[in-house]
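my questions concern the predicted model and sequence given below.
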Amino acid sequence: MLPVGIDTLKATIGRRGGLAKSNRFAVYITHPGKKPTIFNTNLESIASAAFQSGSLSLKSFIEDPRDMYLLCESTSIPGRQIATQETYTDLKAIKKPYAYMNEDVTMTFHVTNDMYVWDFFNSWQQMIIDTQTKGVAFIADIGTSITIQVMGNNDFIPVKSVQLIGAYPVSLSAIELSNTAENQTLKCSITFAYSDWKEEGIVEGFAGTVARTGDLITNSVNLVRSIFN
């Protein structure tokens, strides 16, 4: 093997587009019980935000589609484990695969004063198991697609895009409050289970982002029409 040095390492990294950064990512989550819209119709949330900020502006009525991934502090690309069992051939143990298992995905979010993220996932969990009626929903009714993207140096084209299929929140973490945490902000963690995940190509990942934006605009136009008709 030929000797290598720091210049060879730098050349390899440069040839492959540079090192990927862990803080360059995007997540796209659709609530199965809410239509994507640019209009915030949650009057309680609007009132809470206005009270905390001391003012009410047009921005209070806008539901920015970037809110969820801007508030997402951390997440992960899911892993996959191959389940094996030992078989014996010629007095030698050999591991043979027979199934695969997907890891749950956990996301951590910043919590704002209107409790937007907490309310978002709490209402989703209420769809799964109604704590009042004790009813349990079908997975087909509460699962949705979640896209996790690793962004490179470009803000629009992901270098890796993974879609969680039939995902739903199985765990909404407690929010810790403390008199000793004066300079800390609130966060909550959500753990998702899902039926499977698949990798999307660069073109497919970019097209998915454009499609989500298109759906948002279409739904918003329809909402405006229904308001003024």
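Happy to help now that I have it.

all strands of this structure, in order?
25-29, 72-74, 80-89, 92-102, 105-110, 144-151, 158-172, 187-193, 196-200 (DSSP state E).

tell me how many other residues surround the closest residue to Lys96 other than its chain neighbours.
Counting by C-beta to C-beta, 6 or more residues apart in numbering, the nearest residue to Lys96 once its immediate chain neighbours are dropped is Thr87, at 5.3 Å. No exception for glycine: its C-beta is placed from N, CA and C like everyone else's. Applying other C-beta atoms under 10 Å, we find 10 residues neighbouring Thr87.

same deal with Cys72?
19.

wait, it sits on Val27?
Yes: with contact defined as C-beta atoms under 8 Å, Cys72 reaches Val27; the gap is 5.1 Å.

overlap in contacts of these two?
Overlap of the contact sets of Cys72 and Val27 (by C-beta atoms under 8 Å, 6 or more residues apart in numbering) consists of Met107.

what pLDDT does the model give the most centrally placed residue in the chain?
Central residue of the chain (C-alpha atoms, centre = their mean): Val27, 4.2 Å from the mean position. Here, the pLDDT recorded for Val27 equals 93.

what's it in contact with, if anything?
Here Val27 is in contact with 68-69, 72, 75, 107, 146-149 (criterion: C-beta under 8 Å, 6+ apart).

and which of the residues you listed is nearest His31?
For the contacts of Val27, the closest approach to His31 (C-beta to C-beta) belongs to Met68, at 9.4 Å.

ok, the closest one touching Ala26?
No: with contact defined as C-beta under 8 Å, Met68 does not reach Ala26; the gap is 9.6 Å.
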